[in-house]
Structure formats: C-alpha cells, structure tokens
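**Q** This is a predicted model, with the sequence first.
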Amino acid sequence: MFKCYKFSRFTLSAIILALCTVSSVFAQQLIKGIVKDDKSSPLPGVSVVVMGTTNGTTTDASGAYSLKVANGTYKISFSFIGFTTLTKEVTVAGNDVSLDSQLEASTANLSEVIVVGSRATQRSLIDSPLPIDILSAADLRTTGQPTFDRSLQYRVPSFNTVNTPVNDATTLLDPWELRNMGPSRTLILINGKRKNLSSLLYVQFSPGRGETGVDLSAIPQQAIKRVEILRDGASAQYGSDAIAGVMNIILKDKYDYTSVNINTGVTAKGDGGMYNLSLNGGSNLGGKGFVNYTVDFMQQNSAVRSGTVHVPTEIATFGGSPAQDALITAYLKDFPTANNINGTGETTAGRFLINSGLSLGNNSDLYANAAMVVKRVSSFANYRPVYWRQDRGLLHSPTDNGGKNYLTQATLAFPTEDNVDLYKGYVGYVPTFEGDLLDYNATVGIKGENNGWKHDVSLTTGYNGQTYTVDNTVNRTLGKASPTRFKPGGYQFSHIVGDIDISKQVSDKFGVAFGMEARSEKYTIVAGDDASYEGEGSNSFPGLNKLNAGSNQRFNVGAYLDLSYDITKNFLVNGTFRTEKYSDFGNANVWKLSSRYKIADDKVVIRASASTGFRAPTLHQIFAQSVQAAFVGGTIQLSGLFNNRSAQARALGIPALKPEKSTNYTVGVALNPTKNLSITLDYFSINVADRIVYSSSISSSDPTSTLGKILSQAGVRTVQFFINGIETSTSGIDYVVSYRNLPLGKGKLGLNLAGNSMLQNKIVGTPADPAAIKAAGSSILNTQIKSLLTESRPKYKVILGGDYAVGKWNVNLNNTLFGPTSFQDLDNGGSDMNNIKATFTPAVVTDLSVGYAFSNKVSLTLNANNLFNVLPKWDLVALNSEGAKAIDTPEKKALLRGFLGFSGRYDILGYNGSQFSQLGTIFNANLSVKF
C-alpha cells in the first residue's frame with residue numbers, strides 16, 4: 001500500500017537547493033593550462049598531479065594539459081626532469097580554471113660540479129666546465145632494451161657493451177666500458193654514493209678481460225629518474241676507479257602515481273623470448289617525505305646462433321689419422337653444427353629497490369635507499385662430440401643416435417671390444433652451466449644546512465655473490481666414481497663506505513667543499529666440492545680448489561678539498577685535491593683543475609680541465625687464483641691463474657700490484673645559439689701508467705726451465721697473472737648536437753646527433769716482461785692481448801635520432817653507427833701472429849619506437865630493435881705480404897677463419913665478440929598503466 005505525501009513550497013525549495021548543492025559538489029570542472037620553461041618554450045612531458053590523489057596527467061607536445069576535478073581547493077604539482085618542481089594552489093568553484101606555469105631549470109646533482117641549465121631534451125649541460133650527459137627515464141625506455149646496460153649502449157656513444165660469445169659465468173653480466181677504458185675505470189654512483197663491484201673477474205678472451213665492474217643490469221630501469229654521466233676523470237673528488245668518468249644514477253623520489261609496466265619481446269627468429277613485469281609505487285608521507293619503490297621480474301629465454309662447423313678446420317683441430325678424419329667427416333655430415341648450442345643464455349631475475357626521504361625539521365633530512373637483485377642463469381658449454389670426448393661410461397645420460405655407430409676400435413681413445421659395444425649410438429654430450437647471483441646495496445644518511453653550511457653524512461653497504469653449478473659432465477680423473485653434477489664454488493665481494501661531505505657558498509664568488517671517506521672491502525673465493533677440482537676437474541668448468549679459497553680484506557681512508565671561484569660572472573675556476581691511504585699499498589695523492597669561460601651573452605662556453613687520478617688494484621686482481629678452461633689454438637686447454645702473492649708468482653719474478661696512475665686533459669666548447677639548439681664538442685686525453693693487465697697464456701716447451709717446472713707442478717699447460725705491465729694513451733672527441741621543438745604539422749620534432757671518435761688508443765713503449773718469462777721466449781702480452789686492449793671496441797660510434805610528438809602519438813627513430821673493431825689471435829700454423837687480423841666492418845643498427853597514449857593513464861609502446869636485421873660481419877685482413885700468402889686461396893682463408901670461431905661454431909662473432917648483438921631484429925611491446 002502506498003501513501004501520498006503533500007510537500008509545501010518551502011519543502012520543495014529545500015529539496016531543490018539540496019540537489020543543486022550535491023550537483024555542485026560532484027560537478028567536474030577543468031583545470032587547464034600551458035607549462036613552459038624559463039625561456040618561455042612549451043615543455044612536453046611535464047608531470048601534472050593533484051597532490052594527495054592519483055589524479056594526474058602529462059603535458060602534450062605544445063605544453064598543454066587538463067585535469068578534471070570537483071569543486072574545491074587543490075595543490076597542483078608540476079615536475080619534470082632537469083627542472084625544479086613547482087607547486088601551485090588553486091580553487092575551483094563551478095567553472096573551469098586556467099593555470100599556466102613556468103618551470104625553472106634545476107641544479108644538476110652530480111656533486112663534483114654545480115651546473116645550472118640542465119634540460120631533459122638537451123643531452124649535455126651547456127653551462128658546465130665539464131662534459132656531462134643527462135639521460136631521462138624516457139630516453140632509456142624508448143630504446144626498447146630489457147636491461148639498463150643495454151639501453152646505455154644505444155644512448156651513449158662512448159659506452160660499449162655486448163653479449164660475450166662464450167656463456168658461462170659471463171652470462172650473469174656482460175663486460176661494459178666507457179671511452180674504451182675497461183669496466184673498472186668508471187665509477188658508478190647510486191644517488192651520489194659508491195655502488196659495489198661485482199665479484200666476477202672476466203677471464204675470457206673478450207673485451208674487458210682481466211677486469212671487473214659494477215653489475216649495471218642489476219638496476220631496474222623503472223626505478224631510474226635520470227642518469228648523469230660525467231665524461232672526465234674525477235679521482236680527486238671520488239677516489240679510485242673514476243679515471244674514465246663517473247655515472248651517477250638518480251632514483252625516482254617524490255611519489256606521483258603508481259604504475260605497472262608489462263614488457264614482452266622476441267627475436268625475428270622466434271627465440272630469445274623476454275617477459276618483464278614491473279611495479280613502481282610509493283607514498284608522500286603526508287607531505288613530510290616520500291617512499292618510492294620498484295619491484296621488477298624478468299624472464300629472458302635463450303637464443304641460439306650456432307654456426308655450421310667447417311670440416312677442414314675441425315679435422316685440423318681434432319684429426320690426425322685417416323680413421324679419425326673420416327669419423328669427423330661422417331659425424332659433421334649428420335650434425336653440421338656438431339650439436340653446439342651457443343648464442344645467449346637464459347636469465348631469470350627479480351629486482352627490488354626502495355628510495356625514501358623524511359624531513360626532520362631544522363633544515364635536516366633523513367634519506368635512505370636499498371636495492372636487491374636475485375638472478376639465475378643457465379647456458380651450455382661447447383658440445384663434446386664423440387671424436388672429442390669419449391665419456392659415455394661415466395655419464396648417466398649421454399646423447400644417443402638410434403644405435404648408429406660412429407666409433408671403431410681405430411678411433412676409440414682406449415680401444416677394447418667392450419668399449420666398441422659401449423659406444424654404439426653414442427653422439428656426445430653437452431655440459432650445462434648454472435649461475436646464481438645475489439647483489440644488494442643500501443645507503444642511509446642525514447643531510448641539512450646550518451648557517452649556510454651544507455652537510456651530508458652517510459653509510460653505504462654493498463654485496464655481490466655468485467655460485468656456480470655444472471651438470472651433465474664428468475671428472476675423468478675420478479673414473480666411474482665421478483659424479484655428473486658439480487658445485488665448482490663461487491666468489492663474493494662486499495664493501496662498507498662511510499662519507500662526510502660539507503660545503504658552503506662563502507660569497508657570490510667563492511665556494512668551498514671538503515669531506516672524508518672511509519671504505520672497507522672484502523673479497524672471498526668459495527671453494528668448490530672436492531670432485532670439481534681434483535685432478536682434471538669437472539670438464540668444461542673446473543672447480544675452485546680449497547687451497548685457493550678464503551677471504552681477504554683491506555681498508556682505505558681519503559679526504560678532499562674543493563675550491564671554486566668566479567673571477568667574473570663569466571669566468572669560473574675550480575680546484576680539487578685528494579689524498580688516500582690504503583692498507584695494502586700506501587698513499588695516493590691526486591688533483592684536478594677545471595675552468596669555464598662564457599662569451600656572447602652565454603651563447604658560447606669554453607671549458608677545460610686537467611687532472612691526475614689513480615685506480616687501486618681490485619682485490620679480485622690481487623688474490624684471484626684458479627684453473628680455467630679456455631679456447632687456445634683450436635682446443636680447450638687448462639690454464640692457471642696465479643695471484644701476485646703466490647709462490648709461483650715469486651718464482652717468476654712477478655712484483656706485487658700497485659695503483660695505476662692517470663693524467664687526464666679535456667678541452668671543449670659548448671654553443672647555445674638559440675633556445676632550442678645546443679652543440680657541444682669535447683676533446684679528451686687519458687694516459688694511464690702502470691696499467692694492470694691480465695697476461696697472455698704463457699707456456700714453455702722446456703720442462704726444465706723455471707716456467708716449465710711451475711706449469712708441470714700445477715698441472716696446467718699455460719700460466720697467467722696480473723701485472724702492472726704497460727702504459728696506455730687514449731684520446732678522442734665527443735660531440736653532441738640537439739635541436740628541439742621544431743614545428744612539424746601539428747606536432748613537435750626533436751633531433752639529436754651524438755658521437756664518439758677515438759683518435760688514439762695505443763700501448764706506449766714495450767711491456768715489462770719478468771726475466772723468467774723472457775727466458776722462456778714469451779711475453780706478458782702477445783698480439784692477441786694487445787689487440788683486445790687497443791682495437792676490440794668501435795673506433796667510432798655515432799647515434800642519430802629523432803623523436804616526434806603529435807597528439808597522443810610519439811615516434812622515436814634512432815640510427816646507431818658502429819665503427820670497425822679488430823682482433824688478432826691467429827697463429828697461422830706457427831707463423832707470426834702480426835700478419836693477419838679479423839676486422840668487423842662498420843654497420844648501422846636502426847631502432848624504431850612508436851607509442852600511443854590511450855588516456856593519461858594507459859599507454860602502449862611498440863619497438864623494433866635492429867629493424868633491418870643487420871648482423872656483425874667480419875673478414876680476415878692481411879697486414880703484410882706474409883699475411884697475404886696465408887689467405888691467398890679460399891681454402892686457406894676458410895681454414896684460418898674457422899680457427900677464429902672454433903671451426904665455425906661462433907662464426908657470427910668469432911670467439912672474441914663484436915661491436916653489437918648477433919641476435920638481429922627484436923620486437924617488443926610495452927604496456928604502461930598508471931593508477
């Protein structure tokens with residue numbers, strides 16, 4: 001039953017008023033406007049967020065934005081890389097509100113020098129006395145590369161890295177370097193604090209051999225706000241390792257929104273599948289601070305690029321009798337790749353990172369960040385075909401071939417009637433490699449200001465540990481007692497760093513900064529299980545002997561003083577002095593002078609610097625000692641690494657390691673003729689004395705010599721060690737041209753040209769060979785090692801790119817020109833190795849990225865890396881008439897080419913590596929969702 005109600009005129013009016021009030025409260029109005037920089041140019045990509053909410057957007061190509069909000073009073077935050085964050089309060093009351101903003105350029109955070117005028121769309125800082133690159137998160141993201149180190153490869157001309165051809169421990173991380181100086185001569189900072197080194201020492205015959213560096217792939221790209229790369233020596237400010245430069249990785253801080261990124265990709269051949277899920281979120285702690293965290297998971301499947309085995313080279317390597325040669329020929333007819341599985345390994349990784357800050361009042365802030373990565377990799381050693389290794393009786397699961405018999409009594413290593421029956425159907429076997437990595441770092445500190453004095457006190461810790469497993473292989477020394485799965489051991493490295501930095505701008509012209517650092521480092525060699533190193537050791541990857549295992553530590557303290565003076569408003573000079581004391585080798589004193597002069601109303605900047613530097617030998621180089629399986633002269637041989645404090649090293653007359661000493665010079669000019677055009681050109685020269693090198697594989701044909709006795713006692717065919725053996729001279733030119741905001745249709749076009757050209761990269765003088773090595777007719781550096789040091793990275797590298805933004809679309813096209821590289825490691829059948837080199841020809845790799853924003857919260861980006869499927873190409877080049885004779889027929893040339901790639905198994909890259917990846921075209925897609 002329903003009742004009827006009568007409403008008075010007053011009641012109806014009240015209801016209408018209430019409805020209108022509710023409607024007013026929930027009505028959606030627009031806050032809209034245009035964001036410009038300090039030169040009144042529109043800024044695309046600025047983050048515009050209603051503080052305390054998830055409501056936000058970014059400016060379009062013309063700098064415009066709009067936000068839907070209900071009536072009320074709001075604080076709107078405008079933030080962009082390279083500019084000071086701006087907050088404005090606005091009240092909305094029934095109508096749309098126009099809110100334009102202008103952002104001021106921020107101060108760069110690389111603490112060696114205070115620089116004004118950085119912009120995300122400019123790759124170099126114009127007003128700096130030193131060459132500095134700034135890379136934004138978008139710069140990294142649009143490469144389409146799955147890891148941070150690979151993104152840098154296609155954004156920074158002087159940075160080089162590539163997957164190594166041989167995949168065992170290097171599957172965990174690839175060697176990288178800046179300015180062809182090796183991975184150990186560039187200092188990596190996280191928010192201005194030193195990142196720990198990897199525990200891995202590179203020992204393969206590829207670029208970076210004998211060195212270690214920071215695991216850049218451990219840093220999740222989603223957590224990075226920007227990257228600052230100082231392309232100049234900075235030992236005076238930061239201490240050891242900063243000879244080639246400094247890379248400062250700035251983490252995301254203030255929380256704007258939560259984002260989820262889903263990334264997946266595959267090569268054009270259908271292998272190498274990549275799956276990545278990352279989450280970035282946080283909180284602003286009620287305006288008193290922030291917490292920003294990133295969680296990232298990635299799975300990278302293996303990609304196989306095995307080459308066809310060249311039969312004559314294989315016979316030259318493993319043959320020797322008519323029966324054996326016939327066996328090899330028959331086998332390779334059935335298995336043209338010899339069943340080898342080489343390319344890139346499989347990687348599973350989880351990365352976790354948190355960055356935080358909290359205001360303590362009284363101009364003081366507490367800050368902290370921490371990161372951890374866990375990684376598991378797996379790869380394959382070279383396949384052991386039946387004519388190379390006959391271990392069926394020791395293996396549980398060798399490969400079978402349906403009963404076909406390749407072996408006869410004439411080709412068995414130990415011919416008996418039983419063995420012939422045993423090896424029916426036997427094809428061979430492939431050892432596998434598994435690596436587990438744990439890497440973490442953490443920093444906590446307090447910074448503040450009192451009476452103009454700024455202070456920063458912090459404590460940083462870091463750790464990298466790796467353990468290895470090899471499976472489906474044997475230790476032939478143990479016979480039938482041999483297991484088939486081994487734990488060869490591993491390595492660990494850790495450090496603890498304490499920093500105090502104090503500075504003050506005493507006057508408009510004079511500034512002073514000083515500080516101290518104390519650092520403790522620890523390097524540990526973890527022994528393998530007994531079966532992995534007894535006798536011959538586990539085949540493919542011998543274990544670490546318990547006699548070589550143990551931990552070693554050192555500590556150092558350092559202090560610096562930095563003074564800057566503006567002689568005029570255009571003329572700046574800066575000087576730094578640093579002293580260090582190490583517990584294991586003593587003192588080091590270094591200095592730096594830099595200057596900048598501005599003319600033509602700041603449109604032209606002339607800059608220069610001179611400095612000395614040092615690099616302490618890493619604990620890895622001082623204490624590493626092991627037996628390594630290496631590809632030498634067409635076969636796999638056991639080679640011993642003896643550390644400089646061993647009895648063997650003393651017997652050979654190898655001195656203890658001491659620091660490298662460097663002298664750096666840079667001269668450059670920066671032009672800013674218009675607000676949208678910037679040009680920088682910088683010359684650099686780096687001379688390194690007492691450079692530490694990992695020696696050649698040294699052997700002796702005289703078993704009665706000092707060297708011969710040491711080799712016999714150690715059970716190896718060759719010996720290697722670290723020594724301050726050479727002086728090197730490296731010079732080149734870096735250049736960057738950036739033109740932004742070019743009107744094109746309804747959008748804006750930005751163009752960038754960046755390049756690095758090496759003018760010189762040579763060894764000065766002759767290596768310092770110990771007497772016992774000379775007596776054996778050997779040298780610490782053969783032609784192969786000299787080539788790795790001087791010509792294994794591109795002679796030049798140029799990146800030409802453009803990005804076009806129109807409406808909801810963004811298109812990025814980059815072309816990377818990789819210059820030639822060369823390797824010399826051919827024995828030519830016993831003749832001089834100086835006669836021939838393998839040279840990779842220049843090539844252009846094109847990357848295309850197309851992005852579309854469905855809304856201010858959802859966007860999709862499609863990438864085609866190496867769009868035209870360009871692969872590394874190399875050929876043998878004769879250096880003289882003797883070399884020409886060695887390759888004057890196709891048969892001779894093919895034979896020698898085979899020796900460079902293990903009979904063609906590694907034909908794309910050779911056994912040393914190339915300028916860029918062998919995987920060809922890779923497609924991937926990225927979906928980004930903001931909450």
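**A** Now that the structure is in, tell me what you want to look at.

**Q** just checking, Leu593 touches Ala610?
**A** Yes - counting by Cβ atoms under 8 Å, Leu593 touches Ala610, with 5.3 Å between them. Every C-beta, even on glycine, is put in place using the N, C-alpha and C of the backbone.

**Q** for the nearest residue to Asn552 once chain neighbours are set aside, what are its contacts?
**A** With sequence-adjacent residues excluded and distances taken as Cβ to Cβ, 6 or more residues apart in numbering, Asn552 is closest to Phe623, at 4.7 Å. Contacts of Phe623 were listed using Cβ atoms under 8 Å, 6 or more residues apart in numbering, and they are 523, 525, 552, 643, 645.

**Q** Out of those, give me the one that has the most neighbours.
**A** Ranked by neighbour count (other Cβ atoms under 10 Å), the contacts of Phe623 have Tyr523 at the top, with 25 neighbours.

**Q** secondary structure class for it?
**A** Here Tyr523 is strand, with the state taken from DSSP: H, G, I helix; E, B strand; the rest coil.

**Q** That one contacts Ser551, correct?
**A** Yes - here Tyr523 reaches Ser551: they are 7.0 Å apart, a contact under Cβ under 8 Å.

**Q** circling back to that earlier point, just the closest of the contacts of Phe623 to Ala838, please.
**A** Asn643 (31.7 Å; Cβ to Cβ).

**Q** and the gap between that closest one and His495?
**A** Going from Asn643 to His495 by Cβ to Cβ, to the nearest Å gives 20 Å.

**Q** try Gly920
**A** 39 Å.

**Q** now the strands: where do they sit in the stretch 301-450 of the chain?
**A** 303-304, 343-344, 346-361, 364-380, 384-385, 399-400, 426-429, 432-450 (DSSP state E, counting those that start in this stretch).

**Q** now those strands in TSV, with mean pLDDT and mean neighbour count?
**A** As requested, those are arranged in TSV below (pLDDT from 0 to 100; neighbours: other Cβ atoms under 10 Å):
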stretch	mean pLDDT	mean neighbour count
strand 303-304	94	18
strand 343-344	90	24
strand 346-361	94	18
strand 364-380	95	19
strand 384-385	92	26
strand 399-400	68	16
strand 426-429	87	23
strand 432-450	95	19
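
**Q** and the ones you listed as CSV, adding distance to Asn687?
**A** Putting these into CSV (distance: least, Cβ to Cβ, whole Å) gives the following:
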stretch, distance to Asn687
strand 303-304, 40
strand 343-344, 36
strand 346-361, 38
strand 364-380, 35
strand 384-385, 46
strand 399-400, 53
strand 426-429, 50
strand 432-450, 32
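
**Q** looking at these, which is closest to Ile679?
**A** Nearest of the strands of the stretch 301-450 of the chain (Cβ to Cβ): strand 346-361, 34.3 Å.

**Q** Give the partner strands of that closest one in its sheet and their orientations.
**A** Its sheet considered, strand 346-361 pairs with strand 289-300 (antiparallel), strand 364-380 (antiparallel) by DSSP bridges.

**Q** Pretty sure Ser852 sits against Val858.
**A** Actually, residue 852 is Tyr rather than Ser. No - using Cβ under 8 Å, Tyr852 is not in contact with Val858; the gap is 9.5 Å.

**Q** Can you show me the helices along the stretch 51-200 of the chain?
**A** Per DSSP state H, counting those that start in this stretch, the stretch 51-200 of the chain carries helices over the ranges 137-141, 148-153.

**Q** Just list what the last one packs against, helices and strands only.
**A** Translated: helix 148-153. helix 137-141, strand 159-161, strand 176-178 (3 or more Cβ pairs under 8 Å, 6 or more residues apart in numbering; DSSP states H and E).

**Q** Same list, the contacts of Phe623, but as JSON lines with distance to Lys808 and pLDDT please.
**A** Formatted as JSON lines, those follow (distance: Cβ to Cβ, whole Å; pLDDT from 0 to 100):
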{"residue": "Tyr523", "distance to Lys808": "52", "pLDDT": "97"}
{"residue": "Ile525", "distance to Lys808": "55", "pLDDT": "96"}
{"residue": "Asn552", "distance to Lys808": "57", "pLDDT": "96"}
{"residue": "Asn643", "distance to Lys808": "59", "pLDDT": "88"}
{"residue": "Arg645", "distance to Lys808": "63", "pLDDT": "84"}
